[in-house]
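Student: From the sequence below, what's the structure:
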Amino acid sequence: MNKTDEQLNLWANGRLSEAERLAFEQQMAQDPALAREAKFAMALRQQLQDEPATPPGELGLARLQRAIRAGRQAPPNVQLRKNIWKPVAIAACLMVAIQTGLLLGPEPWRQNNAIDVRPASGEAATAGPRLQIVFEPTASTADIQASLRSVNGSIVAGPSALGIFQVQLPKDSAADEAAARLREFAFVDEVIAP
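Tutor: Coordinates of the predicted model:
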C-alpha cells in the first residue's frame, strides 16, 4: 500500500487531521483519477456501514463445517503409506510358534531313538577319570604342559576363579597314580582326585 492509498483510506474513514484533510482534498481537485478513487472508497464505506451485521446462519455454518472436513482429508494426489510392519510381525510370531512346536513337540521322525544331547560348551564327555589341579602362580606354560604330558592328561576346564584346572586322563589310567606323579612337580600346589 502506497502513501496515497493510505491517505485515501484514512480520509474515507474520517481519520485525517483538519490540515491533512484539506491538503488531500486539494490534491483530489487537481487529480481526477484520485477523485474517482475517493468517490469509490466513500461509496464502499457507506455500503459496508448500511449492510446489517448478521451471523452467517445455517448455510454459513454448513459451509464452514464442510471446509473443516475437507481440510482433514488427505489431498487426492497423496498416497497413504501402508503399514507393512504388522504383517511382518505376524509372520515372525508364526515362525517362532512353528519352530517351538517342532523342537518341543513329539518327534515322529525319530521313531523312539534316543536324543543326542551335548553340552553347549563343546566339551565332550569321556569315560576316563578327572583330576583337579592347582599350579603355583610362578608356573610357566611349558612347566604345565610337561606335567600334563607325564600323565597323558589334557586340560578340559579352567582355570576357575580360584585357579583350579580340570584335567582329563585317558580311559585306562588310574587317578591315584596320576595324582601322585603330578604332586612330584615343584610348581604343582595341589592335586585332588575326586
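
Student: hmm, which helix or strand of the protein has the shakiest average pLDDT?
Tutor: Here the helix or strand of the chain ranked lowest by mean pLDDT, DSSP states H and E is helix 57-72, holding a mean of 74.

Student: May I have that helix as CSV, with CA atoms only?
Tutor: What follows is helix 57-72 as a C-alpha-only set of coordinates in CSV (Å, rounded to 0.1, in the frame of the first residue of the first chain):
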residue,chain,number,x,y,z
GLY,A,57,-26.6,-18.6,9.8
GLU,A,58,-27.2,-22.3,9.0
LEU,A,59,-25.9,-22.0,5.4
GLY,A,60,-22.6,-20.4,6.6
LEU,A,61,-22.2,-22.9,9.4
ALA,A,62,-22.7,-25.8,7.0
ARG,A,63,-20.2,-24.3,4.6
LEU,A,64,-17.7,-23.9,7.5
GLN,A,65,-18.1,-27.5,8.6
ARG,A,66,-17.7,-28.7,5.1
ALA,A,67,-14.4,-26.7,4.8
ILE,A,68,-13.1,-28.2,8.1
ARG,A,69,-13.9,-31.7,7.0
ALA,A,70,-12.2,-31.1,3.6
GLY,A,71,-9.1,-29.9,5.5
ARG,A,72,-8.8,-33.1,7.5
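
Student: what about the strands in the chain?
Tutor: For the chain, applying DSSP state E gives strands covering 130-135, 154-157, 164-168, 188-192.

Student: Quick one: closest of these to Gln145.
Tutor: Evaluated over those, closeness to Gln145 peaks at strand 154-157, with 9.6 Å, by Cβ to Cβ. (C-beta placed from N, C-alpha, C; glycine too.)

Student: Any chance you could list what contacts the closest one?
Tutor: 123, 130, 148, 165-168 (Cβ atoms under 8 Å, 6 or more residues apart in numbering).

Student: if we can go back for a sec, next one: the least confident helix or strand of the chain to chain centre, how far?
Tutor: Helix 57-72 sits 41 Å away from the centroid of its parent chain (Cα atoms, centre = their mean, to the nearest Å).

Student: Got the domain ranges for this structure?
Tutor: Domain ranges of the chain: 3-50, 130-192, per automatic domain parsing.

Student: need the contact list for the residue nearest to Asp143 when sequence neighbours are not counted.
Tutor: If the residues on either side of it in the chain are set aside, Asp143 comes closest to Phe187, at 5.1 Å by Cβ to Cβ, 6 or more residues apart in numbering. Contacts for Phe187 (Cβ under 8 Å, 6+ apart) come out as 135-136, 138-139, 143-144, 147.
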